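J.: model this:
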Amino acid sequence: MFKINLLQVGCLFLKALNKMIIVMIDNTIRWFIIIVIEYKTTTIRDIMDEIVNNRDIMDEIVNNMDLTNIFMEEEAGGEEAGEEVVEEVRGRPCYKRQTLQTKRGGRNVLSYTPDYITLGTVKALIKHELSIPEKIDVMAVKQLIECTNLNNFMYELITLHLTIMFCSEVEVFRYLTQYKIKYGIEATELLINYSLSENAIHVFTVNSFNALSIALLWTNNPHMIRILYKFGGDISVIGTNGLFIEELHTIIPYYNHLTNYISYKNINLQFNHIWGYRLINDYANIIQEVRIIGGEIAPTPNYIFPIKYSFHNNTSSLLEVDV
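T.: Residues are numbered from 1 along each chain as shown. Coordinates of the predicted model:
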């Protein structure tokens, strides 16, 4: 008798449990039908958001539904139907600046030195602090230079460097043309390719700069390179550190490479004062020019290669010369 009662109780329990499950499923389906009818144009993702925000519905189905599967099916269905699945695009921090800051320890940075400075700004500052006149010639340079034991070649070399730094390509062409007429072809080539050495930045490191080096480090004018090349400038010169000049833009800072001859008028500026480091974008045009001439990159459409030494046989006027 006891066993029969247990079986009856078990059967009643299973019937009641089955009925509860059927009721829960029925209620779930009913809620889905109501929501779909009310929001005909909504997606399944919107429906699920409505369900999550409705406490009554969640109480009934939270333990019987896997919402993750619904989202995955909705995304898969969108792809099959050709619908574009739009995902939220979020920004992320850019850690490049912090990475660069950790790698700057080897640079010759002083406490008062700005990290980077534009080409136009630094040229204006140095021109002002060195009291460079608007008209640059040998007589003006002799008044700037404190040394009294220099020969004429050094005066003329410094004049060429300053003309390249602070004047136009027209003035550089005029100066070299006059120099060639006065001293000859070989002397002009020597003037252009002669390297001026100094160790202002590092006592045990010598930097050497010829006219092409100054053009590459202080201008972004491709015509400067073409003029110097046509007068016999050598673009294949490698510095004492084994690099071409255009490879030094991120290494050599802005400073007065003529410090042994021309000093700052401001006593608060040291002779080896660093104004900042170069921005490579300030030299995009001139770097492209020297690399095209050197055959390292393909020339641009309609590009005309300059002919080396071509100005030595050219006696035309300045306006007739195509640089």
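
J.: helices along the protein, start to end?
T.: Assigned helices in the chain, in chain order: 2-38, 44-53, 55-61, 67-80, 96-102, 119-129, 138-144, 152-166, 169-183, 185-193, 211-218, 222-230, 284-293 (criterion: DSSP state H).

J.: and those, which one averages the lowest pLDDT?
T.: Confidence, taken as mean pLDDT, is least for helix 67-80 of the helices of the chain (a mean of 43).

J.: scan this structure for its longest strand.
T.: Criterion DSSP state E: the longest strand present in the chain is strand 196-202.

J.: now do the buried residues in that one.
T.: Applying a neighbour-count criterion of 16 or more other C-beta atoms under 10 Å, one finds Leu196, Glu198, Ala200, Ile201 buried in strand 196-202. In this view, the C-beta of every residue, glycine as well, is placed from N, C-alpha and C.

J.: how about those, which pair is most distant?
T.: Greatest spacing in those, by C-beta to C-beta: Leu196 and Ile201 (14.2 Å).

J.: domain parsing for the protein?
T.: The chain breaks down by automatic domain parsing into domains covering 2-80, 112-320.

J.: I figured Ala140 hits Glu134, correct?
T.: No. Judged on C-beta atoms under 8 Å, Ala140 makes no contact with Glu134 at a distance of 9.3 Å.

J.: who has more neighbours out of these two?
T.: Shown here are Ala140 and Glu134; by other C-beta atoms under 10 Å, Ala140 has more neighbours (15 against 8).

J.: which ones are touching that one?
T.: Counting by C-beta atoms under 8 Å, 6 or more residues apart in numbering, Ala140 touches Pro133.

J.: that one and Pro301, how far apart?
T.: 42 Å (C-beta to C-beta, to the nearest Å).

J.: do the same with Thr188
T.: Distance from Thr188 to Pro301, by C-beta to C-beta: 33 Å.

J.: who has more neighbours, the two?
T.: In terms of neighbours (other C-beta under 10 Å), Thr188 is the more surrounded of Thr188 and Pro301; the figures are 22 against 5.

J.: ok, and the closest non-adjacent residue to that one?
T.: Here the nearest residue to Thr188 in space, its sequence neighbours aside, is Lys180; by C-beta to C-beta, 6 or more residues apart in numbering that works out to 4.3 Å.

J.: what is the burial count for the one you found?
T.: By other C-beta under 10 Å, 20 other residues sit near Lys180.

J.: what does Lys265 give?
T.: Neighbours of Lys265 (other C-beta under 10 Å): 10.

J.: list the contacts for it?
T.: Taking C-beta under 8 Å, 6+ apart, we find Lys265 in contact with Glu129, Leu130, Ser131.

J.: adding pLDDT, write the buried residues of strand 196-202 out as TSV.
T.: TSV is the format used below for the buried residues of strand 196-202 (pLDDT from 0 to 100):
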residue	pLDDT
Leu196	88
Glu198	80
Ala200	74
Ile201	74
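
J.: and which of these is nearest Met224?
T.: Ranked by distance to Met224 (C-beta to C-beta), these are led by Leu196 at 17.1 Å.

J.: let me know the pLDDT of the nearest residue to that closest one once chain neighbours are set aside.
T.: Excluding its sequence neighbours, the residue lying closest to Leu196 (C-beta to C-beta, 6+ apart) is Phe209, at 5.4 Å. With respect to pLDDT, Phe209 scores 89.

J.: and the gap between Phe209 and His257?
T.: Using C-beta to C-beta, Phe209 is found at 6 Å from His257.

J.: which neighbours do those two share?
T.: His161, Leu196.

J.: run through who's touching stretch 238-256.
T.: Contacts to stretch 238-256, defined as C-beta under 8 Å, 6+ apart, come from residues 107-108, 113, 117, 122, 126, 130, 200-201, 206-208, 212-213, 216-217, 237, 262, 264, 271-278, 280, 283, 286-287, 290-291.
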